[in-house]
Structures are given as C-alpha cells and as structure tokens.
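Visitor: sequence and predicted structure are below.
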Amino acid sequence: MTVVVEGLELVLLEREIERFLYAEAKLLDERRFQEWYELFADDVRYFMPLRENRLVRELDQEFSGDDDLSYFDDDKRFLHSRVLRLETGMAWAEDPPSRTRHLITNVVVDPVAVADDEYSVESNFLLYRNRLETEVDIFAGSRSDVLRRSPSGWLIANRKIVLDQNVLLSKNLSVFF
Amino acid sequence: MSLPITIEDIDSGRIERRIFTDDEIYRDEMEKIFARSWLFLAHESQIPNTGDFFSTYMGADPVIVVRRGDGSIDVLLNSCNHRGMKVCRADCGNAKSFTCSYHGWVYGADGKLVAVPFEAEAYGDSLRKEELGLVSAPRVENYKGFIFGCWEPEAPDFLDYLGDMTYYFDILADRVEGGTEVVGGVFKWTMRGNWKLAAEQFAGDMYHGQTSHISAIIADAQVYGADKPADTDTASLLTMEGFQISPGGGHAVGAFERPPGAPPGGMNDSEAVANYINDTHAQMEERLGDARANDAFWVHNNIFPNFSWLNSNGTIRVWHPKGPETMEVWMWCLVDKNAPAEVKRQKRLDMQRHFGPSGTWEQDDGENWNYCVGSSSGVIQNRGALCYSAGLGMSRQHPEFPGEIGGVYSEINQRTFYRRWHEVMTAQDWSEISVPVRTVPVRVSTPEPATEGAGS
C-alpha cells in the first residue's frame, strides 16, 4: 500500500529529517567519524558516480552507471575501513586533518514513502574544505538519500552523491559527503 | 638547453631538485619528451564502433582518438585550422563529423575539412580544403587493445620503442584468451606535483608502500583480516623479496618474489576474483611461460614517459603534465574481457576503493607528491640534490627476466627513468636516442586484433 504523507504531518517529517541531516553534518565537521558511520544502515550503498562532458544529444550518458567507475561505491564494511583509517594516526591525506564545513540546503522529502518508515530525501550540499596552510577545496552537489526510521533513530539506507565537477579539482576525496 | 644534471649525477644517485620545478625545463619536456615519444591514448574498448571518439591530451596538445569505418584508428589534433578553436569539447561519444563552434568549419571524423560556411563568398575558389584537414598523428599503434600515438615520423616503431618491455607489458595485455577491456568511465583529477614524481613511483618505488599506505593496510586488516588466510595477507607480501627491473628504453617494472605454492592472486582480491585468477592461471602459464606465471607477483610498471599500471588491481593511468608543478591523473580500470560479470564488478570495486582520488591507498600519494614540489621551490632547497642511491652497485641478472635487476627496494628503475629522460632531453632528434635492445621475441597474440597497425 502506498503511504503518502500530507499536510502538517509532512511539514513535521521534513523538519525532523532536516534536523537529522544537520546533525549528521555536524558530526562530520567535528570529526566524529565513528558516530557518523553508525548512522548508516547495514545494507547501505554509498555511491558517487563520475560525470562526463557529453553533447546534449548524448546527455543521457552523462553519469557513470552502476557497473562503471565511480568515486564511491561503498558498502558499510568499506565505509568502516575508511573511518578506521582516519583513526590510525598515519592517514597522511587527513593527518593533520582538514577543516570542513558541510552546508546542507534544499532539503525536500518525497511525500510518497519508499517503504514502511522509509523516505526519499533530496538535498544540496556545499562542502568547504580548508587544509594545512592554504589549501582550499569547494565541492558543490546534491545527495539523494533513502532514510529509514529505526528504534535508535534515523538511518541512512542509501546515499547517491552527485558532484558538480568533471575533472576533480582536488588531489583527493579524503572527506565524506 | 643545458640541464642542471649530468648522467654522472644520475648514475651516482643524485637528482637535482630543480628538474621538478623549473619552467624552462618543463617547456623543453613538452617539445623533447611529449612531442616525440610514444604516448598511451586510450583502450580500444572505449571506442568500439565507427565514429566513436575519446578526447585526451598528448603533453599539452588536445587530441581526439577516433574509430574509422574500416576499424582503424585516427588521432587528430583537436584544434581548428581557422582560429584554433577546439572542434570537440565532449569527453567521448559518437560523431560523424566535428564542427567548429566558432565559424562552422566542418571536419569529417577522419579529420578532412569537408565544409566551410560561405566558402564562395569568403574565399572564392582559393581555399585549399585538402590541405586544411585536422593535423593527425603520423604514428598510431594498437598493441593488443592499447592505443598509442606519436607525433614524430622518425621515431622507432612502437615495438622497437618498447624493446623488452613487451615481455612485461604482455603480463597485463596478453595474460588470457580474449584480452582486456576497460570498465566504463575515466577518473580524472588534478593535483599539485610534477608528473615525473608520479611516473618514477610507478617505475620503481616499492619502498614507499609500508609508510605511505600503512593506514589503509591497517584499516583493511581490521575490517577484512579475518576473511583471509594469513599467507595471502598484505603485510606478509610487503616483507618479501623482489625485483626492480629495467628492461631498457627507460621503461620499468617492479615485482615481489612469489614463494612456491603461494596463490597467484592479488592483495585485496575477493573470493570471486581469487577463484578467477586461480582458474585462469593455467592459461597464463601456457601463454607467458612458467617464469612470468610463477616466479613473481607483478606490481608496478611504467612505459616511458607517462603510462603506468599496477597488475593486480587493474589500474592503468596516464600522468598528464599541466605545468612544472601540476599534473592531471587519468585512470582507467582494466579487466579481462572474458571474465564473468561478478569478477569484473569485484575488480572494479577493489580498484576504485583503494586507488584513484577516493581510494584509501592513493589519497596519501596525492599528499606526498603535492608537498614534494611544495618543499622544493626554495632557494636553499634548490641548491641541493635528492638522494636516489638505493641499490647502487647491487644490480644483478635473472635467468629468465630480461633487463638489469635490482632488489625490491632498489632505486635502479628511478635512475633508469632519469637516464632516459636525460638522454631524450639532450638529443636533437631520434637519431641521437638509443633504441633498446630486444632479447626476447614479441608474443604474437592470436587472433590478431582487427585494428593492429592502424594508422601507421
């Protein structure tokens, strides 16, 4: 049965999810990566495709597909490896660590639930990274999440990140989106 | 130009820092190295159909690699002969022609100038269109699916340019029936750092692994360690003996020794990949012989100047020079064409999770290359040379592997790389550049690819 959230209920749901996404961003910016990792469902796919410059007539092929290369195509285990790496004291790309600020905007919850207590959520991000003496990276893009309500709170069950760059203008993607 | 470094410096393990930061040396590299060396451009699986194209660079020059109707491959300078505008600004796709967006000159997919707007009004009958086609590279070679191009008509044939590197290239290109293909998409990222630092690392640097990549090794062991038997884990591999091999021509290969009985697969192989490598190992033995199949665990490689790969996880890449202190890395994921879909998927995941800008191994390479250059631009710094002496006087021969061979942590391959760099940089033309001696025959792949020898 299709569940559609309407009216004031949708406003409250959207506000609740906004608060969750802001709290998530705060964990990243405060470098609380283990707590951030725990926000993901066990079956999560954390995915960021590549984007090609294509002529308009071939624009349907702009994004790399499921079996193509992608910047991220992680399950929860590999996300765990990424987080543990940062805690070794020898992850040189993040040691000394970056200063990040995740600005999350344009949060829209699809009123049609994906499943019982699961919702599709669109948001935009501007991720400012400043590192060491003078390094600056600015990443802009969007995220399409599936968020799942659980007894312990919201979980991220799926995250697709679209980055608005072709040649990546950074020496690495050692930060999270 | 006179270089701030001599062959004697290189042979004694001293590399002047200025070669990584100097503008004039960089401009000379564009002319001497990149305008006359064989450069990797694309894999043929990227452009399977007539009119398929892939845009890339040869040094600073933008080019389009195009599949012709007869299956052969053209390499066209991506620059209109009227005002120099790029005639193609897409990364890849399929095209019947390339139309300049400035004044509308139309070039066929073979590069011929076929139409000029208002030709009669503007030029009368004076425009010699047959002389105004896109400049095309006179030398193109498709070696077992790997497409290389060269601007210099006098350069040696591609196989002579490789010399005995073909013996090692075949471990990547010709291991199994059916050959290779690339997964869709190309990683492209820009970073501070001189292109030679990256190329030399893939030529000869096994030494950095246990420091640069230790965090990823530890983290993966924490998460996945229990999945694997101890004799295949990465830590045990890193303490093994091995080879740095200079087969000539400035090309280079690095490998660990493979102890008898060790599985042939790579460090991070999933069960599906490990099984596939085991299942196809007899093919490798049959095609490449016992020594290549069983005596080494092949790791890093560089074809001079800037085409590198790692065998086990299929990362192949070009270090595009973008100024003395900037490079752009383009990286593909290579898989066996006939491998099962699940094997290709697992290879891709393993590669992109560990290599590329988001990879937990490669993130730290970017940091190092960045600040090698950053700490070589000072006056006092530039008075000094860097130490490249590991393995000096310790080279040896191997009964099977062609080339001069050092230990796994030797810098013999870096010295070879810079010796070749010095030779090419100081030569007026190809007549002054040595051609590597071939001691082993080239394995002819059967059936031969339909496009072999295209364009040359």
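Guide: The structure has been received and is ready for your questions.

Visitor: helices of the stretch 1-150 of chain B, residue ranges please.
Guide: B:7-11, B:23-29, B:119-123 (DSSP state H, counting those that start in this stretch).

Visitor: neighbours of A:Y119, how many?
Guide: Look at A:Y119: counted by other Cβ atoms under 10 Å in any protein chain shown, it has 23 neighbours. No exception for glycine: its C-beta is placed from N, CA and C like everyone else's.

Visitor: shaky segments in chain B?
Guide: Residue ranges of chain B with pLDDT under 70: B:1, B:228-239, B:267, B:374-376, B:446-456.

Visitor: go through chain A and flag its longest helix.
Guide: helix A:7-29 (DSSP state H).

Visitor: list the buried ones in it?
Guide: For helix A:7-29, burial by neighbour count (16 or more other Cβ atoms under 10 Å in any protein chain shown) applies to A:L13, A:E14, A:I17, A:E18, A:F20, A:L21, A:E24, A:A25, A:L27, A:L28, A:D29.

Visitor: neighbouring contacts of it?
Guide: Helix A:7-29 is contacted by residues A:5, A:33, A:35-36, A:39, A:100-104, A:107-109, A:111, A:119, A:121, A:123, A:147, A:153-154, A:156, A:175-176 when judged by Cβ atoms under 8 Å, 6 or more residues apart in numbering or on different chains.

Visitor: now restrict those to buried residues only.
Guide: Buried among the contacts of helix A:7-29 (16+ other Cβ under 10 Å): A:5, A:33, A:36, A:39, A:100, A:102, A:104, A:107, A:109, A:111, A:119, A:121, A:123, A:147, A:154, A:156, A:175-176.

Visitor: show me where chain A has helices.
Guide: A:7-29, A:33-37, A:76-86.

Visitor: make JSON lines out of those and add mean pLDDT.
Guide: JSON lines is the format used below for these (pLDDT from 0 to 100):
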{"stretch": "helix A:7-29", "mean pLDDT": "98"}
{"stretch": "helix A:33-37", "mean pLDDT": "98"}
{"stretch": "helix A:76-86", "mean pLDDT": "97"}
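
Visitor: which positions in the stretch 251-400 of chain B make contact with chain A?
Guide: Residues of the stretch 251-400 of chain B that fall close to chain A, judged by Cβ under 8 Å from any Cβ of the partner chain: B:328, B:332-333, B:341, B:344-345, B:348-349, B:352-353, B:356-358, B:360, B:362-364, B:366-370.

Visitor: just these: which are in helices?
Guide: B:341, B:344-345, B:348-349, B:352-353, B:362-364, B:366-370.

Visitor: those residues, buried ones only, as a PyMOL selection?
Guide: Buried residues among these (16+ other Cβ under 10 Å), as a PyMOL selection:
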select buried, chain B and resi 344+345+348+349+352+353+362+363+364+366+367+368+369+370
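
Visitor: looking at the ones in helices among the residues of the stretch 251-400 of chain B next to chain A, which one is closest to B:R396?
Guide: Minimum distance to B:R396 across those is 29.2 Å, recorded for B:N368 (Cβ to Cβ).

Visitor: and residue 4, how many residues sit next to it?
Guide: Just going to use chain A. Burial of A:V4 is recorded as 10 neighbouring residues (other Cβ under 10 Å).

Visitor: my bad, chain B
Guide: Neighbourhood size, B:P4 [other Cβ under 10 Å]: 14.

Visitor: residue contacts, it?
Guide: For B:P4, the contact set (Cβ under 8 Å, 6+ apart) comprises B:E16, B:R18, B:I19, B:D22, B:I25.

Visitor: run the last query once more with 10 Å
Guide: Neighbouring residues of B:P4 by Cβ atoms under 10 Å, 6 or more residues apart in numbering or on different chains: B:E16, B:R17, B:R18, B:I19, B:D22, B:I25, B:N382, B:A385.

Visitor: how far away is it from B:W369?
Guide: 21 Å (Cβ to Cβ, to the nearest Å).

Visitor: then B:M284?
Guide: Using Cβ to Cβ, we find B:M284 at a distance of 33 Å from B:W369.

Visitor: which residue of the chain sits farthest from its center?
Guide: Looking at chain A here, since you left the chain open. Distance to the chain centre peaks in chain A at A:R57, reaching 29.5 Å (criterion: Cα atoms, centre = their mean).

Visitor: if you could check chain B rather than the one you did, that'd help
Guide: Most peripheral residue of chain B (Cα atoms, centre = their mean): B:E121, 47.8 Å.
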